[in-house]
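Undergrad: okay, predicted coordinates and the sequence, questions at the end:
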Amino acid sequence: MVFRVLSDIAGSSLESSEGTWNLGIGMIAVVSAAHAETITALLSGAGIPTWQVGVVSTSVRDLTGFEQGAKGVDGGAVRLVGDYAG
């Protein structure tokens, strides 16, 4: 909520604020794709909002639009998918 207010004051979008502030997600669970739907249903049933933020892959791909070497660490590349939870 606070980052949404700060983004509004700055006249920028919440998504563009990632480059300025570490917005954080809270917690990420990396789970087997075969069990993701079941785990999501269980967590949602317990009142814990869930959404898919990405897919782990070792395949070769075009890294356009991916974040690489974030915070000085060269651990691969990441690109978030989906929308911010409201």
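TA: Arrived safely, thanks for sending. Numbering: from 1, shown residues only.

Undergrad: let me see the ranges of the helices in the chain.
TA: 2-10, 36-45 (DSSP state H).

Undergrad: mean pLDDT lowest for which of the ones you listed?
TA: Of all these, helix 2-10 carries the lowest average pLDDT, namely a mean of 81.

Undergrad: which elements pack onto that helix?
TA: Helix 2-10 sits against no helix or strand, with contacts defined as 3 or more Cβ pairs under 8 Å, 6 or more residues apart in numbering; DSSP states H and E. Placement of C-beta: from N, CA and C, glycine included.

Undergrad: list the buried residues of that helix.
TA: F3, S7 (16 or more other Cβ atoms under 10 Å).

Undergrad: just the strands in the chain please.
TA: 67-68, 77-78 (DSSP state E).

Undergrad: for the record, mean pLDDT for the first one?
TA: Per-residue pLDDT over strand 67-68 has a mean of 65.

Undergrad: could you do stretch 17-25 as well?
TA: pLDDT averaged over stretch 17-25 gives 68.

Undergrad: thinking again about what came up before, can you tell which of the helices of the chain is closest to V56?
TA: Nearest to V56, of all the helices of the chain, is helix 36-45, at 11.2 Å by Cβ to Cβ.
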